[in-house]
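Enquirer: structure of the sequence below:
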Amino acid sequence: MRVMARSSTTSANSQAANRAAVGQEKAKALVMAAIGALVEDGKAEWNRTATGEIEMRLMSGEVFVLGEVSVTRIA
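Expert: Next comes the predicted model:
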């Protein structure tokens, strides 16, 4: 019985992790679409830095680095 309980708990944890990963990918896609719209509207520019990071510069002067799971304002 104990083995089954652990097995079902592990399976439930795995399913929850998969749902979270899908949710994170959807959120990332929404953020990237919004940033893409800013670029298309001429309100921002983005480029890849020498280190391979994606940098976004708003026309108002703010600068952001777009990480794999985060957006960091650097100026």
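Enquirer: quick one, helices of the protein?
Expert: 2-40 (DSSP state H).
Enquirer: what about it, any weak spots by pLDDT?
Expert: 1-9 (pLDDT under 70).
Enquirer: CA atoms only: put stretch 22-36 into PDB for me.
Expert: Extracted C-alpha coordinates of stretch 22-36, given in PDB (Å, rounded to 0.1, in the frame of the first residue of the first chain):
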ATOM      1  CA  VAL A  22       2.800  24.700 -19.700                       C
ATOM      2  CA  GLY A  23       1.500  27.800 -17.900                       C
ATOM      3  CA  GLN A  24       5.000  29.300 -17.800                       C
ATOM      4  CA  GLU A  25       5.400  28.800 -21.600                       C
ATOM      5  CA  LYS A  26       2.000  30.400 -22.200                       C
ATOM      6  CA  ALA A  27       2.900  33.400 -20.000                       C
ATOM      7  CA  LYS A  28       6.300  33.700 -21.800                       C
ATOM      8  CA  ALA A  29       4.600  33.700 -25.200                       C
ATOM      9  CA  LEU A  30       2.200  36.400 -24.100                       C
ATOM     10  CA  VAL A  31       5.100  38.600 -22.800                       C
ATOM     11  CA  MET A  32       7.100  38.100 -26.000                       C
ATOM     12  CA  ALA A  33       4.000  38.900 -28.100                       C
ATOM     13  CA  ALA A  34       3.500  42.100 -26.100                       C
ATOM     14  CA  ILE A  35       7.100  43.100 -26.500                       C
ATOM     15  CA  GLY A  36       6.900  42.300 -30.300                       C
END
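Enquirer: list the buried residues in it.
Expert: residue 35 (16 or more other C-beta atoms under 10 Å). C-beta coordinates here come from the backbone N, C-alpha and C atoms, glycine included.
Enquirer: any idea how far residue 35 is from residue 48?
Expert: Distance from residue 35 to residue 48, counting by C-beta to C-beta, to the nearest Å: 14 Å.
Enquirer: number of residues surrounding the residue nearest to residue 72 when sequence neighbours are not counted?
Expert: Leaving aside its sequence neighbours, residue 72 sits nearest to residue 65 (C-beta to C-beta, 6 or more residues apart in numbering; 4.8 Å). Neighbourhood size, residue 65 [other C-beta atoms under 10 Å]: 16.
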